[in-house]
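**Q** Need the 3D shape of this:
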Amino acid sequence: MSTTLQLLTSTRNIDCILLLMLVEAGALTLYLRHRSYRANWLDVLSALLPGAFLLLAVRAALGGATLLLAVALLAALLAHLADLVRRFRGTARQG
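**A** Residues are numbered from 1 along each chain as shown. So this is what the prediction gives:
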């Protein structure tokens, strides 16, 4: 197996990306709090959570865990729908 293929199919890369997303969530929360925006940690979490679940689904697919893959995809869908509801309710109250 080539080095490039090993690099692309490694679950360790997914773990690194998930760790970077956790750092991003903390940094965004601190930045928004410092800039006095109305957004809070729940807004940041609802924006990043669907992507994190999709990354977990990719990790499960690479590892061959089909049940975990299905659960992660369902969780991504539910998190995305919850994010949409939060956003539309927020714009309906402001508008």
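
**Q** Where does residue 13 fall, secondary structure wise?
**A** Element membership for residue 13 (DSSP states H and E) is helix 11-34.

**Q** for that helix, packing partners?
**A** helix 41-63 (3 or more C-beta pairs under 8 Å, 6 or more residues apart in numbering; DSSP states H and E). For the C-beta atoms, the positions are set from N, CA and C on the backbone; glycine is no exception.

**Q** For the helix holding residue 13, buried residues please.
**A** For helix 11-34, burial by neighbour count (16 or more other C-beta atoms under 10 Å) applies to 14, 25, 28-29, 32.

**Q** Over to stretch 36-48?
**A** 43-44, 46-48.

**Q** and those residues as a markdown table, adding pLDDT and distance to residue 6?
**A** Listed next are the buried residues of stretch 36-48 as a markdown table, based on pLDDT from 0 to 100; distance: C-beta to C-beta, whole Å:
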| residue | pLDDT | distance to residue 6 |
| --- | --- | --- |
| 43 | 82 | 38 |
| 44 | 85 | 33 |
| 46 | 90 | 35 |
| 47 | 90 | 32 |
| 48 | 94 | 28 |
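
**Q** quick one: which of the residues you listed is nearest residue 2?
**A** residue 48 (32.2 Å; C-beta to C-beta).

**Q** which ones are touching the closest one?
**A** 21, 24-25 (C-beta atoms under 8 Å, 6 or more residues apart in numbering).

**Q** how does it look with 6 Å?
**A** Shown in contact with residue 48 (C-beta atoms under 6 Å, 6 or more residues apart in numbering): 21, 25.

**Q** Could you number the chain from 16 rather than 1 from now on?
**A** All set: I'll call the first residue 16, so the last point we hit is now residue 63.
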